[in-house]
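A.B. asks: Sequence and predicted model, in that order:
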Amino acid sequence: MLFYRSSDKGARSTMPGLINKGKRSTLPLSVSEITSCVRGYTLAMTASMTYNNIEDHSIEGVFVYPLDECSTVVGFEAVVSSQIITVQIKDKAKIDDCYFDCCTVANGTFQASSHIVLDEDMERSVLVVNIGVIPPLETVTVLVSTSSELSTLPNGAIKVTSPMVCSPKVQRSINGENGSSPKLAMVKERHHCALGPHDQTSTTSQLCLAWLLEEEHINSIDYEFNFQLEIQGPGLLAGVESPTHAIRADADPSARSATSIVITLADKYTYDCPVEIFIYPSEPHMPHVLIENGDMTPEEYEEHLRGKSDYIRGMKRDPSDEKKVEIIRKRLHKDMIHNPVVMLNFCPNLKAMASDLKQVQGEFIFLIDHSGSMSGVNISRVKEAMVVILKSLVPACLFNIIGFGSTFKALFPTSQSYGEGTLRIACDYVKKIRADMGGTNILAPLNWILRQPLRRGHPRLLFLLTDGAISNTGKVIELVRSHARFTRCYTFGIGQNACRRLVIGLSTVSKGTAEFLAEGERLQPKMIKSLKKSMAPVLSDVTIEWLFPERKELLLSPMGSTYLFPGDRLISYSVVCDTTRYHPNLKSDKRRRYSMMRSNDSTSSVFYHSEEGEHGSRVAEVEGVATHLQLEMSQASCASTEWDSTGADGHTLPRRRAYSTNQIVDYSPMKRAYTPSDPSSSVLKNPIRSANQELTSQTSPSQKAQETDPQQGPDPELGF
């Protein structure tokens, strides 16, 4: 079996699950169990879903699992007729045309004659597994393990939402026995041209996921639903609440700190909406660092190195300790799961810094659909709204307007500074625009926009206004996703024929917003609403510097975003390998310099905090990881503050080397390292079920509090 892993993650669908490929409808869900654990801004989740084939004949099953934009699948199992189905990761370059060959049922005989279409976006954002033949009246259990980076709110709260595949609505059939939504015909119509490179072939032999994923997920029967969420906070928790369901929080009253609790539902699940949980840290805007050990001890890792061909060849030429360190440095990207990983989490309070951030103004680019379908009332609504929006921009910002249809045309060769002259030119241009540019081709103007040089200190803010669908939706979404570090999209679907997947997809992958206009609705209020969000205080040109002891080798992750808007969180990773045993002449480093993030060119520090690490815990929450962290922004400048700590012996710390994330070019992320709550097929025969059992049988919060007692002192292996 084959599945696609979401490396850059992403999904926005509402109709996934186990599908009867012949009828193109979902099988009824009978049992759903979610067991998950939050550590900092990360979520490890194992979901178990049981489906029933209620047909009196065999069917072909395809499991479709949409992923959030910051989630990735780390394991999968399905049990059908006492047989266990697992998956295999394959290189995308070795897969032709990104489709799955599937068998079809013809007069009771299964024939391999059809396939499932996956475009550029879906191959990253949807897990698709061909389950194969499901006997009549058979039960199928599917287990999926995922790892996610959680989103935050402007007040620093952390948001957790259960996947809709695990918590569908329950409603009796409305339009046919498959329980399809009445809107299904309209959805199919909108996606009739969304098959990408395969749209020249007959759709009768293809399962197009575009419309299938947009259909509302309605389960035909009530199902058993169990939900458990363990929260291991990096510090004290101020509270936990759910705006959707009554919840119960279990914590040991004798525990010395409320850093770990277990959340369950207090009442029977009502099948009305997914479960949402908001977690409120007591210090929501303070940075924290999580440390997770690798799956090998230093001794085991050294033994692991000795069996590698590059190590053997290197030692034959030069057996020195310096050569060993060089080999380790070059191998870190291959050995991430074997070494400790440090993760920085930070959600800045931009409201408190608003006075220092007012100088940052965006680059506003308005991409307007001029195709023939925009004629009449649609183009009139755009002209009315654009005049108001242009007059609402502020001095010092940059802006440009691009009209597109079959071709595209820009108002200015490059984005211009906002002023009286450029505003007058833009308003005159908007008043003259017409729907006279033929068809709808968004890819070409988007390519042109995203290839333009970035202006330092000016976040790129793209406003897209369109009323139609395109044939390469996946390619367009993937293009914007690849530039999401620098670009934020605010999209507007005008009229009932606007492609929801395109409008929602572009905003989701870039952390923007999506708006839709119904018949007779004005565009201006919705654009003003999005414009206000885009004008919020923002940190720009964000970089991070880590300062480590010289005896540590590390590998840094690229920056997730170069801009931080209110509610955005900063997450950065560093793989750390201790090479002390290869530096016999260096002094011991029992304590390390505390962490600091600051604003270059600002009179106010973003934060400064320090705290000793914890000893012996699998995941040690540390507020000041023996590093020097520096956040650089294009604001005003202040003198930096650095404090040196000394070791227990009173000697000065050894010399350190600085590493900056802006020195790292983009690269394809490696496969995620498994955590204690994730599956590890190399260790266990049935990884997902074992992970599920491990999570459900975890120790009580009070026991975990004792295990991670901060009074126990630093971890000598990591040097904290």
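C.D. replies: That came in fine, so what should we check first?
A.B. asks: list the buried ones in stretch 273-286?
C.D. replies: For stretch 273-286, a neighbour-count test (16 or more other Cβ atoms under 10 Å) marks Pro274, Val275, Ile277, Ile279, Tyr280, Pro281, Pro284, His285, Met286 as buried. C-beta: built from backbone N, CA, C; applies to glycine.
A.B. asks: In a strand, the last one, correct?
C.D. replies: Just to be clear, that refers to Met286. No: counting by DSSP: H, G, I helix; E, B strand; the rest coil, Met286 is not part of a strand but coil.
A.B. asks: Out of the buried residues of stretch 273-286, the closest to Met353 would be?
C.D. replies: His285 (10.1 Å; Cβ to Cβ).
A.B. asks: Report the contact partners of that closest one.
C.D. replies: Counting by Cβ atoms under 8 Å, 6 or more residues apart in numbering, His285 touches Gly156, Cys347, Pro348, Asn349, Ala352, Phe607.
A.B. asks: can you rerun that using 10 Å?
C.D. replies: His285 makes contact with Thr152, Asn155, Gly156, Phe346, Cys347, Pro348, Asn349, Leu350, Lys351, Ala352, Val606, Phe607 under the criterion Cβ atoms under 10 Å, 6 or more residues apart in numbering.
A.B. asks: Who does Ala514 form a beta bridge with?
C.D. replies: The partner list for Ala514 in beta bridges (DSSP bridges) reads Thr491.
A.B. asks: Run a quick check on it versus Leu465, I expect a contact.
C.D. replies: No: using Cβ atoms under 10 Å, Ala514 makes no contact with Leu465, being 11.8 Å away.
A.B. asks: any chance of the contacts of His285 in JSON lines, plus secondary structure?
C.D. replies: Formatted as JSON lines, the contacts of His285 follow (three-state DSSP):
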{"residue": "Thr152", "secondary structure": "strand"}
{"residue": "Asn155", "secondary structure": "coil"}
{"residue": "Gly156", "secondary structure": "coil"}
{"residue": "Phe346", "secondary structure": "strand"}
{"residue": "Cys347", "secondary structure": "coil"}
{"residue": "Pro348", "secondary structure": "coil"}
{"residue": "Asn349", "secondary structure": "coil"}
{"residue": "Leu350", "secondary structure": "coil"}
{"residue": "Lys351", "secondary structure": "coil"}
{"residue": "Ala352", "secondary structure": "coil"}
{"residue": "Val606", "secondary structure": "coil"}
{"residue": "Phe607", "secondary structure": "strand"}
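A.B. asks: Now do the strands in the stretch 101-250 of the chain.
C.D. replies: For the stretch 101-250 of the chain, the strands defined by DSSP state E, counting those that start in this stretch occupy 109-117, 126-134, 139-149, 151-152, 158-161, 169-170, 206-208, 218-219, 224-232, 237-241, 247-250.
A.B. asks: quick one: which of those strands is nearest Ser380?
C.D. replies: With respect to Ser380, and counting by Cβ to Cβ, the nearest of the strands of the stretch 101-250 of the chain is strand 206-208 at 34.0 Å.
A.B. asks: what about that closest one, average pLDDT?
C.D. replies: Mean per-residue pLDDT for strand 206-208: 60.
A.B. asks: Ser148 and Asn226: what is the separation?
C.D. replies: 20 Å (Cβ to Cβ, to the nearest Å).
A.B. asks: And these two? Which one has more around it.
C.D. replies: With neighbours defined as other Cβ atoms under 10 Å, Ser148 and Asn226 compare such that Ser148 has more, 23 against 14.
A.B. asks: what is the more buried one paired to in the beta sheet?
C.D. replies: Leu43, Ser71.
A.B. asks: Report the contact partners of it.
C.D. replies: Ser148 touches 6, 9, 36, 38, 41-45, 67-72, 160-161, 163, counting by Cβ under 10 Å, 6+ apart.
A.B. asks: on that earlier part again, from the contacts of His285, pick the one nearest Arg455.
C.D. replies: Arg455 has its nearest neighbour among the contacts of His285 in Leu350, at 20.7 Å by Cβ to Cβ.
A.B. asks: Now that closest one. Nearest residue, chain neighbours left out?
C.D. replies: Spatial nearest neighbour of Leu350, chain neighbours left out: Pro537 (4.4 Å); criterion: Cβ to Cβ, 6 or more residues apart in numbering.
A.B. asks: The one you found contacts Gly567, doesn't it?
C.D. replies: No: using Cβ under 10 Å, Pro537 is not in contact with Gly567, being 11.1 Å away.
A.B. asks: Overlap in contacts, those two.
C.D. replies: With Cβ under 10 Å, 6+ apart as the test, Pro537 and Gly567 both reach Pro348, Leu350.
A.B. asks: rewinding a little: quick one: common contacting residues for Ala514 and Leu465?
C.D. replies: Tyr490, Thr491, Phe492, Gly493, Ala498, Val503.
A.B. asks: Spatially, which two of those are the most separated?
C.D. replies: The span of these, defined through Cβ to Cβ, is set by Tyr490 and Ala498 at 14.3 Å.
A.B. asks: Now do the SS call for Tyr311.
C.D. replies: Assigned with three-state DSSP, Tyr311 falls in the helix class.
A.B. asks: So in the chain, which helix runs the longest?
C.D. replies: helix 377-392 (DSSP state H).
A.B. asks: how about the helices in the stretch 151-300 of the chain?
C.D. replies: Using DSSP state H, counting those that start in this stretch, the helices found in the stretch 151-300 of the chain span residues 184-190, 209-214, 298-306.
A.B. asks: Confidence-wise, which of the ones you listed is weakest overall?
C.D. replies: Among those, helix 184-190 carries the lowest mean pLDDT, a mean of 42.
A.B. asks: Please parse this protein into its domains.
C.D. replies: Domains of the chain are assigned by automatic domain parsing as 17-281, 288-346+541-712, 361-534.
A.B. asks: Go through these and find the least confident stretch.
C.D. replies: The stretch with the lowest mean pLDDT among those is domain 288-346+541-712, at a mean of 60.
A.B. asks: Quick check: bridge partners of Ser36?
C.D. replies: Under the criterion used here (DSSP bridges), Ser36 is bridged to Met45, Leu229.
A.B. asks: re the thing from before, which one of the shared contacts of Ala514 and Leu465 is nearest Cys427?
C.D. replies: Cys427 lies nearest to Phe492 out of the shared contacts of Ala514 and Leu465, by Cβ to Cβ, at 19.4 Å.
A.B. asks: ok, the closest one - contacts?
C.D. replies: By Cβ under 10 Å, 6+ apart, the contact list for Phe492 reads 368-369, 381-382, 385, 463-467, 498, 503, 507, 513-517, 523, 526-527, 530.
A.B. asks: Cool, thanks, talk later.
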